[in-house]
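Trainee: 3D, please:
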Amino acid sequence: MDIALYVLAALLMIGGLAGNILPALPGIPMIFGGIWLAAAVDQYRHLGTGWLLAIGALGAFGVLVDFMAGVLGAKRVGASKAALWGASLGTVIGMFFSIPGLILGPFVGALAGELASGNSVLRSAHVGVGTWLGLLFGTLVKLVISLLMIGMFGFAMLFG
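Mentor: Numbers count the residues shown, from 1 in each chain. Next up, the predicted model:
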């Protein structure tokens with residue numbers, strides 16, 4: 001039974017890595033769930049409370065970066081408050097439209113918000129691109145954090 005649970009834990013971690021790129025899957029929570037399952041099967045001998053808290057805090061930071069990346073990208077290029085709200089709403093609404101919605105939602109939201117503020121189409125497009133670049137950066141950060149979480153897990157299992 002332990003082998004089946006370890007395989008499930010590994011599948012959760014692999015699926016979580018894919019989820020960092022495929023927005024339909026909650027990447028970091030899946031990775032943390034796989035790590036926790038493996039630790040529980042091991043009866044927390046190698047991966048205790050301290051390790052789980054550190055890995056969980058890192059994961060929580062990754063989730064926060066994921067949600068804030070588009071808004072921070074828009075803010076970086078000097079977006080108006082309406083564009084920031086638009087990027088946030090576009091991100092939330094985009095979640096319901098799979099990959100195209102998650103890619104285009106924040107861009108379209110920031111663009112619409114900036115246009116609603118009375119700015120030019122060129123300025124609005126600039127803000128939209130800044131938002132999209134923020135999302136791309138957020139995805140890269142999320143992927144790095146996920147690899148760090150798995151690396152910490154591996155280190156604890158080997159040397160903990």
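
Trainee: these two touch, right, residue 85 and residue 110?
Mentor: No - if you go by Cβ atoms under 8 Å, residue 85 and residue 110 don't touch, sitting 9.2 Å apart. Just so you know, the C-beta spots here come from the backbone N, C-alpha and C atoms, and that holds for glycine as well.

Trainee: host element of the one residue sitting closest to the centre of the chain?
Mentor: The chain has residue 66 as the residue nearest its centroid, 3.6 Å off, counting by Cα atoms, centre = their mean. Residue 66 is part of helix 49-76, with elements assigned from DSSP states H and E.

Trainee: Residue 25 now?
Mentor: Counting by DSSP H and E, residue 25 is part of no helix or strand.

Trainee: What is the neighbour count of it?
Mentor: Residue 25 has 14 neighbouring residues, counting by other Cβ atoms under 10 Å.

Trainee: doesn't residue 14 make contact with it?
Mentor: No - assessed by Cβ under 8 Å, residue 25 is found out of contact with residue 14, at 10.7 Å.

Trainee: And the residue nearest to the centre of the chain, how far from residue 122?
Mentor: Using Cβ to Cβ, to the nearest Å, one obtains 29 Å as the distance from residue 66 to residue 122.

Trainee: So, low pLDDT: which residues of this structure?
Mentor: Within the chain, the segments meeting pLDDT under 70 span 23-24, 70.

Trainee: which stretches of it form strands?
Mentor: Using DSSP state E, no strands are found in the chain.

Trainee: which helix in it runs the most residues?
Mentor: Counting by DSSP state H, the longest helix found in the chain is helix 121-159.

Trainee: And that one, what's buried?
Mentor: Using 16 or more other Cβ atoms under 10 Å as the test for burial, helix 121-159 gives 123-135, 137-139, 141-143, 145-146, 149-150, 152-153, 156-157.

Trainee: cool, stretch 110-117 as well?
Mentor: Neighbour-count burial for stretch 110-117 flags 110-115, 117 (criterion: 16+ other Cβ under 10 Å).

Trainee: Output these as JSON lines; include the columns distance to residue 104.
Mentor: Below are these laid out as JSON lines (distance: Cβ to Cβ, whole Å):
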{"residue": "110", "distance to residue 104": "11"}
{"residue": "111", "distance to residue 104": "10"}
{"residue": "112", "distance to residue 104": "11"}
{"residue": "113", "distance to residue 104": "14"}
{"residue": "114", "distance to residue 104": "15"}
{"residue": "115", "distance to residue 104": "15"}
{"residue": "117", "distance to residue 104": "20"}
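
Trainee: Name the nearest of those residues relative to residue 20.
Mentor: Nearest to residue 20 among the buried residues of stretch 110-117: residue 110, at 22.4 Å, using Cβ to Cβ.
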